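Participant: this is a predicted model, with the sequence first.
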Amino acid sequence: PSSDLYSLEVQTDLGFKVTGTVGYSGSSGRHYARLVDQDFLYTTSGAPFGDFFRAQTDSVQNYNAFNAQLRRSGRYLTLSAVYTYAKSLDQLSNGDGADSNANQTNPANNASEYGPSDYNLKHRVVATVLYQTPSLHTDNALIAAVVNGWQINGTYTYHTGFPWTPVTGN
């Protein structure tokens, strides 16, 4: 398989200790492997060893995302919010397994499997807050070690749901 990764970001100072960043990131991959049950494709009933699986390197993937971030840094408080608008497409999200995890509906026509990845997230927001406690200046090293260097952190994450493909096994 081969993968190409690319990205571009620009950042600017918006004043009031706020920075803004916008960017693009993406990837494309070709020749990813999948295992295909040859008995499904070609009737080989009566084969002495049962099902016969063969690796085929004909799957592709791509990912494209727009990222935007606002960050405010202060002496004790740092706030950050990141928004990502993305799309991930592939023919086989769950690897080359020869079981139901592969979830291919028509292994005979791999091109027909191209669509949203199992892990595609269209919208994603992550907000963080970090509070660094002020340092206490004292001559007592034990008190300084116990009191100084504490942080309070919080993270909020939101994203849209994953795509869902009903698959029946029989």
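Facilitator: On my side now, so go ahead. Residues are numbered from 1 along each chain as shown.

Participant: around Gly149, count how many other residues there are.
Facilitator: By the measure other C-beta atoms under 10 Å, the count of residues near Gly149 is 10. Where you see a C-beta, it was placed from the backbone N, CA and C, and this is true even at glycine.

Participant: do Val36 as well
Facilitator: 21.

Participant: what helix or strand is it on?
Facilitator: strand 18-37 (DSSP states H and E).

Participant: would you mark the buried spots in that strand?
Facilitator: By neighbour count on 16 or more other C-beta atoms under 10 Å, the buried set for strand 18-37 is Ser25, Gly26, Gly29, Tyr32, Arg34, Leu35, Val36, Asp37.

Participant: leaving out sequence neighbours, find the closest residue to the second one.
Facilitator: Which is Gly26. Asn64 (4.5 Å; C-beta to C-beta, 6 or more residues apart in numbering).

Participant: report the contact partners of that neighbour.
Facilitator: Residues in contact with Asn64 (C-beta atoms under 8 Å, 6 or more residues apart in numbering) are Tyr24, Ser25, Gly26, Ala86, Lys87.

Participant: now do Ile152
Facilitator: Neighbouring residues of Ile152 by C-beta under 8 Å, 6+ apart: Leu130, Tyr131, Thr133.

Participant: in strands only, show me the residues you listed.
Facilitator: Among the contacts of Ile152, the ones falling in strands (DSSP state E) are Leu130, Tyr131.

Participant: which one of the contacts of Ile152 is nearest Ala141?
Facilitator: The closest of those to Ala141 turns out to be Thr133 (C-beta to C-beta; 17.6 Å).

Participant: for that closest one, phi and psi?
Facilitator: Main-chain torsions, Thr133, degrees, to the nearest 10: phi -70, psi 150.
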